[in-house]
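Student: sequence and predicted model, in that order:
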Amino acid sequence: MTRYWIFKSEPYEFSISNLAECLITRWDGIRNYQARNFIREMNVDDVVYFYHSNCKVPGIYGKMTVITPSYSDPTANDKDSKYFDKKAANLNSWLSVDVMYKDKYKEPLTLHSIKQLALGDSPLTSKGNRLSIIPLTDEQYELIEREINTLNDL
DNA sequence: GCCAACGTTGGC
DNA sequence: GCCAACGTTGGC
């Protein structure tokens, strides 16, 4: 069963353009239990939208796919990593997946536009949302995908 | 830069 | 186990 997700990143840290260059990256440094539990549910070929947060125009800027099952996030136990967690209980305290670049949109789907869609309840559009990994229902995915395709003549 | 919302921490 | 204080996220 293919599932659909949104991953957030601050573009100053890592952007869709960075991913378009390196093509494959490990999505690591997630240090929130709810987000970690979502990573655990991921499967190869899951579809992920790349969301730019904390920037001038927040929104969905591209697409990627999950290319590995979840695995222990090596940065949690790496003293030299900025994501080092000295309290991490064990190797599986935190999880990563690898993702592969798929698309970078000429016209991003802005948060403003997303709020016009009838997504229903989602951490994406609720106030004060800080969740960096957000699951989408099939219906939410369809709405978003259709809007992006319209915007980009896909 | 402001500040609301939320997760985490730590004293009790 | 409660909850106030604190730190961080992220839209505006």
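Tutor: That came through fine. Residues are numbered from 1 along each chain as shown, chains lettered A, B, ... in the order given.

Student: pull the distance from stretch A:15-30 to the chain's centre.
Tutor: Relative to its chain's centre, stretch A:15-30 lies at 10 Å (Cα atoms, centre = their mean, to the nearest Å).

Student: just the CA atoms of that stretch, as CSV, please.
Tutor: Output of stretch A:15-30 as CSV, limited to C-alpha atoms (Å, rounded to 0.1, in the frame of the first residue of the first chain):
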residue,chain,number,x,y,z
SER,A,15,15.9,22.7,-0.2
ILE,A,16,14.3,20.9,-3.1
SER,A,17,17.1,22.4,-5.2
ASN,A,18,19.8,20.8,-3.0
LEU,A,19,17.9,17.4,-3.5
ALA,A,20,17.7,18.0,-7.3
GLU,A,21,21.5,18.1,-7.3
CYS,A,22,22.3,15.2,-5.0
LEU,A,23,19.2,13.1,-6.1
ILE,A,24,19.3,10.8,-3.1
THR,A,25,19.6,11.8,0.6
ARG,A,26,19.0,10.3,4.0
TRP,A,27,16.2,12.1,5.8
ASP,A,28,17.7,12.2,9.3
GLY,A,29,17.7,14.3,12.4
ILE,A,30,14.0,13.8,13.2
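
Student: same question for that stretch, mean pLDDT?
Tutor: Stretch A:15-30 comes out with an average pLDDT of 96.

Student: what sits up against that stretch?
Tutor: A:7, A:9, A:14, A:36, A:39, A:50, A:52, A:61-62, A:64, A:67, A:73-75, A:81-83, A:94-101, A:104, A:132-133 (Cβ atoms under 8 Å, 6 or more residues apart in numbering). In short, each C-beta sits where N, CA and C put it, glycine included.
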